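1. Below is the sequence, then the predicted model.
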Amino acid sequence: MLRWLWITLAVILLDQGTKQLVLQQMQLHESITLLPFFNLTYLTNPGAAFSFLSDQEGWQRWFFIALAFIVSGVLLAWLYRLESRELWTAISLTLILGGALGNVIDRLFRGGEVIDFIHLHYGEYYWPAFNIADSAIFVGVAIMLFDALVLSRRRGH
């Protein structure tokens, strides 16, 4: 099932490409309204999801880098052991892997911070900004859950 690693590469390239565009075209904290509920807002995040541990003194950079490499190794081993009938699991794992590696590239080469720029809101209620890597992780987990909770029952597993 390693043949599905092209999805991981596509996620990394799309993630890093969009972050590079943001870096080239926007100033930090600049926000561009695209739709009534969607802004491009250039932010950085030294923490994890929802800025978890972002207020720490820097040790979290190395923690998140190490965690991403450990998780990536586990995902690769899992992907290697999959059977050909486990298509949706392979797709979900490669999406999660691409997201993890996309964000770890930021942490390694951008001072421990991740570039975020997708900013959704409803009126005055704003969802925390995120990026393509975060989106790939979310979609990968959603596919994995759907496969485990719905599709596997249809297959009789």
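-> Okay, I see it.
2. What is the neighbour count of Ser31?
-> Ser31 sits with 15 neighbouring residues when counted by other CB atoms under 10 Å. From N, CA and C alone the C-beta is placed, and that goes for glycine too.
3. ugh, wrong one, Val71
-> Other residues near Val71 come to 15 when the count uses other CB under 10 Å.
4. Local confidence estimate at it?
-> Val71 is assigned a predicted lDDT (pLDDT) of 94.
5. again, but for the one 5 residues further on
-> In the predicted model, Leu76 carries a pLDDT score of 96.
6. would you say Trp78 is within a strand?
-> No. Judged by DSSP: H, G, I helix; E, B strand; the rest coil, Trp78 forms no part of a strand; its state is helix.
7. The residue nearest to it when sequence neighbours are not counted and Glu30: what is the separation?
-> Spatial nearest neighbour of Trp78, excluding adjacent residues (CB to CB, 6 or more residues apart in numbering): Leu93 at 6.0 Å. From Leu93 over to Glu30 the distance is 35 Å, taken as CB to CB, to the nearest Å.
8. Who has more neighbours out of these two?
-> Set side by side, Leu93 and Glu30 give different neighbour counts by other CB under 10 Å, the larger being at Leu93 (25 against 14).
9. tell me the mean pLDDT for the helix or strand that contains that one?
-> Mapping Leu93 onto the secondary structure by DSSP states H and E places it in helix 87-109. The pLDDT scores in helix 87-109 average 96.
10. Can you give me the buried ones in whatever helix or strand comes next after it?
-> Per DSSP H and E, helix 87-109 leads on to strand 114-122 as the next helix or strand towards the C-terminus. When burial is assessed from 16 or more other CB atoms under 10 Å, strand 114-122 yields the following buried residues: 114-119.
11. Having no further points to raise, I will conclude here.
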